[in-house]
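**Q** here you go, sequence then predicted model.
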Amino acid sequence: MSPPRVLVPIATGSEEIETTCITDTLTRFGAEVVIASVMPQSSEGAPLVCKMSRGIKFLADVHISECAVGTGNDNWDLIALPGGMPGAEHLRDCPEIVDLLKKQKSANKFFAAVCASPAVVLASHNLIASDAASTCYPAPPFREKLLTVSEDSVVVTDNMITSQGPGTSLKFALVLGELLFGKEKADEIAKQMLVER
């Protein structure tokens with residue numbers, strides 16, 4: 001059986017701690033993690049290097065166009081969005097990401113967002129049901145976009161998982177891993193990483 005496939009889209013201004021926690025932790029679980037840049041292509045090709053919110057440069061594996069709905073490479077067990085600004089706005093404005101998230105939701109498959117992304121991406125595209133609890137970075141401009149706000153650091157509502165920010169990202173990633181691989185494996189990975197659960 002092939003490992004679960006996880007798509008982590010990034011952009012200029014995405015949050016690096018959140019991106020690293022998601023990608024590193026899920027790789028430790030054994031997931032096939034693909035990082036995709038959503039930055040616009042130019043005549044020189046797809047920009048795979050993204051300068052993150054604190055200036056660290058990340059190299060994506062592919063451009064989002066290679067993962068878009070209808071490419072044959074659009075079947076994901078989980079799509080996990082890091083936050084960060086203006087990274088979350090770039091994700092929100094990327095039609096390929098929006099289409100993939102809508103497909104994920106309608107197929108009842110996992111989609112996740114942390115920090116600004118639950119409010120900026122998910123809420124902006126009506127991907128959060130009106131009665132669905134969710135969380136995001138605890139700043140008023142973000143929280144006011146969510147209809148049912150939870151104070152929990154990680155919230156699982158059906159196939160949607162949300163979290164608050166850099167400090168909650170490791171817990172967030174472990175929850176994502178548990179959903180894909182089970183509690184026993186999550187406890188094992190947490191122990192190896194010296195994380196109390």
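**A** It's in.

**Q** point out where the chain drops to low pLDDT.
**A** For the chain, the stretches with pLDDT under 70 are 42-46.

**Q** show me where it has its helices.
**A** When secondary structure is read from DSSP state H, the chain shows helices at 16-29, 87-92, 95-106, 117, 140-143, 169-181, 183-192.

**Q** just how off-centre is the shortest one within its chain?
**A** Taking the mean of its C-alpha atoms, helix 117 sits 8 Å from the chain's own mean (C-alpha atoms, centre = their mean, to the nearest Å).

**Q** what sits up against that helix?
**A** Outside of helix 117, the residues within contact range by C-beta atoms under 8 Å, 6 or more residues apart in numbering are 81-83, 88, 91, 136. The C-beta positions use only the backbone N, C-alpha and C, and glycine is treated the same way.

**Q** likewise for stretch 26-34?
**A** 2-8, 22-23, 61-62, 67, 77-78, 80, 173, 176-177, 180-181, 185-186, 189, 192-193.

**Q** got it, and stretch 60-80?
**A** Residues outside stretch 60-80 that contact it (C-beta under 8 Å, 6+ apart): 4-10, 22, 26, 31, 34-38, 41, 46-50, 94, 96-97, 99-101, 103-104, 109-114, 176, 179-180.

**Q** can we see that at 6 Å?
**A** Stretch 60-80 has contacts (C-beta atoms under 6 Å, 6 or more residues apart in numbering) with 4-8, 22, 34-38, 46, 48, 96, 99-100, 103-104, 110-112.

**Q** could you report the distance from Asn159 to Ile64?
**A** 21 Å (C-beta to C-beta, to the nearest Å).

**Q** the more surrounded of the two?
**A** More neighbours surround Ile64 than the other of Asn159 and Ile64, with 25 against 15 (other C-beta atoms under 10 Å).

**Q** buried by neighbour count, from the contacts of stretch 26-34: which ones?
**A** 4-8, 22-23, 67, 77-78, 80, 173, 176-177, 180-181, 186, 189 (16 or more other C-beta atoms under 10 Å).
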